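Q: Based on what follows, work out the 3D shape:
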Amino acid sequence: MEHDFTQQIQQVLIMQFGETWEDIYVKSPLLQYLNIKTKSATRGAKSRSSFANLYAIYVLVEDYLTNNFEKRNDYSDYEGARFTDLLRRQRDLPFGSKLQNHALNSRMNEEFRKYFPQVEYLPILRDLQTNRYWINENLLIIIAGGITYNIGASVIQVIDRYIETKRTAFDNFIQTCERLKNVSGENDTEVENFIFGLLAHNVDARIFEIVSYAILKFHYHDQTVYFGYDLSEIREENLSLYKTGRTNANDGGIDFVMRPLGRFFQVTETLDVRKYFLDIDKIERYPISFVIKSEETVAELENRLRSGARKRYSVQTIVDKYMSCIEEIINLPVLRQRFGESQSQGFLREILEEIILQSRVEFNYD
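A: Below you'll find the model as predicted:
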């Protein structure tokens, strides 16, 4: 696979290994994995960044190099890096402030195996009893032309370049948002087209969640309900949508919550029905609305979920119970429609400002 960032990887290898670079790359599944995971580098801030798995590799290779194991022959005797140190280092890296343990524990290895099923080595080694971690040195040592090379420093340089490229892209994204916020009212079409461009299937999951929240917040905020403990104290309240935390958080399937109705919303881009029912189970089958990054119609998505429920549970009463927990399905066309309605009500600039605010918080941008 070749993409725009592939040339950057090649430059790193040429600087370190000269004419041998290509042979080293061909023999290194780890470098090839980095090439796969960095394909979004030049696609702007809106594309998926894949920092979690890359940073899991980064911090372990960095620990390996910090202890000079590339110059030694005793890494097999190393007690391993502590999980707390690795997680802290991940969160110190750009865009990594809210990363969790999933990539270090399993997800990176699972994805690597998916891409390279023929490779006998997994990148991350872990001792469950001591909670210590190692990078698999077998993937760092490459023999080419009868000479042994260590690619540890190259791995760090490649990811560093990727970080800088993505940081520049996000700087441009924020600057575009700020510029559009300040353009005159006659240029609302430019703002509208920009936000519409964020409602696409290839947009980064975090950006999609932020834009979804901004649109739905202003869609619901002028809708009212009547609440009270008795008939003499019934009062009118506006619906208010709250974002419960950072995106991709381990929050039990609650991305947004609405007051005073107590509605739960989960934002997702997967069409794996198991994930939907897992989210429902995590909140004890409390009704939940799904915001899905899909162009499929609501009816098609509902049929897909019902079909998946039948395969998984077979008993119709159980299927009906799970399906009754899905309060609403909101897909990309519905989001565009609701954005148009909010825009017609004069909330275009407010939606843009909310996107800027949430993006700065989400990406720890200052």
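Q: Any stretches of the chain with poor pLDDT?
A: Low-confidence segments of the chain (pLDDT under 70): 40-49, 183-186, 245-253, 363-366.
Q: any idea how it splits into domains?
A: Following automatic domain parsing, the chain resolves into domains at 6-166, 183-362.
Q: what about the residue nearest to Arg91 when sequence neighbours are not counted, which SS state?
A: Using Cβ to Cβ, 6 or more residues apart in numbering and skipping residues adjacent in sequence, the residue nearest Arg91 is Ser97, 5.2 Å away. C-betas here are computed from N, CA, C, even on glycine. Secondary structure of Ser97, reduced to three states by DSSP: H, G, I helix; E, B strand; the rest coil: coil.
Q: Can you read off the backbone torsions of Ser97?
A: phi -60, psi -30 (degrees, to the nearest 10).
Q: How many neighbouring residues does it have?
A: Here the number of neighbours of Ser97 (other Cβ atoms under 10 Å) works out to 13.
Q: ok, and for stretch 274-282, which residues are buried?
A: Residues of stretch 274-282 classed as buried: Lys275, Tyr276, Phe277, Asp279, Ile280, Lys282 (neighbour count, 16 or more other Cβ atoms under 10 Å).
Q: Run the chain-centre distance for it.
A: How far stretch 274-282 lies from its chain's middle: 18 Å, per Cα atoms, centre = their mean, to the nearest Å.
Q: what do you get for stretch 278-296?
A: With Cα atoms, centre = their mean, you get 17 Å for stretch 278-296.
Q: Span of that stretch from start to end?
A: 21 Å (Cα to Cα, to the nearest Å).
Q: Dump the domains of the chain to CSV, plus distance to Thr176.
A: Below are the domains of the chain laid out as CSV (distance: least, Cβ to Cβ, whole Å):
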stretch, distance to Thr176
domain 6-166, 9
domain 183-362, 7
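Q: So for Ile174, which of these sits nearest?
A: When the domains of the chain are compared by Cβ to Cβ, domain 183-362 sits nearest Ile174, at 6.5 Å.
Q: how distant is the closest one from the center of its chain?
A: Remark: domain 183-362 is offset 17 Å from the chain centroid, using Cα atoms, centre = their mean.
Q: all strands of the stretch 251-366 of the chain, in order?
A: 256-259, 263-268, 288-292, 326-330 (DSSP state E, counting those that start in this stretch).
Q: nearest to Tyr33, of those?
A: Of all the strands of the stretch 251-366 of the chain, it is strand 263-268 that lies closest to Tyr33, at 25.1 Å by Cβ to Cβ.
Q: Kindly calculate the angle that that closest one makes with strand 288-292.
A: 30 degrees (axes from the mean of the first three to the mean of the last three Cα atoms, to 10 degrees).
Q: thinking again about what came up before, what about the buried residues of stretch 274-282, which are in helices?
A: Lys275, Tyr276, Phe277, Asp279, Ile280, Lys282 (DSSP state H).
Q: out of all of them, which helix in this protein is the longest?
A: Of all the segments of type helix in the chain, defined by DSSP H, the longest one is helix 152-182.
Q: Next SSE downstream of that helix?
A: Following helix 152-182 in sequence order, the next helix or strand is helix 188-197 (DSSP states H and E).
Q: following that next one, which helix or strand comes up?
A: Per DSSP H and E, the first helix or strand lying C-terminal to helix 188-197 is helix 205-220.
Q: That following helix vs helix 188-197, what angle?
A: 120 degrees.
Q: Out of the domains of the chain, flag the one nearest Asn172.
A: Among the domains of the chain, the nearest to Asn172 by Cβ to Cβ is domain 6-166 (7.0 Å).
Q: need the contact list for Asp92.
A: Residues near Asp92 by Cβ atoms under 8 Å, 6 or more residues apart in numbering: none.
Q: which other helices and strands contact the longest helix of the chain?
A: With contacts taken as 3 or more Cβ pairs under 8 Å, 6 or more residues apart in numbering; DSSP states H and E, helix 152-182 sits against helix 6-17, helix 29-37, helix 51-66, helix 188-197, helix 348-362.
Q: okay, these in a markdown table with distance to Ser154 next?
A: Shown next, in a markdown table, are these (distance: least, Cβ to Cβ, whole Å):
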| stretch | distance to Ser154 |
| --- | --- |
| helix 6-17 | 5 |
| helix 29-37 | 7 |
| helix 51-66 | 10 |
| helix 188-197 | 35 |
| helix 348-362 | 30 |
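Q: one step back: in the longest helix of the chain, what's buried?
A: Across helix 152-182, burial judged by 16+ other Cβ under 10 Å covers 152, 154-159, 161-163, 165-166, 169-170, 173-174, 177, 180.
Q: Of the buried residues of stretch 274-282, which is the nearest to Asp230?
A: Asp230 has its nearest neighbour among the buried residues of stretch 274-282 in Ile280, at 33.7 Å by Cβ to Cβ.
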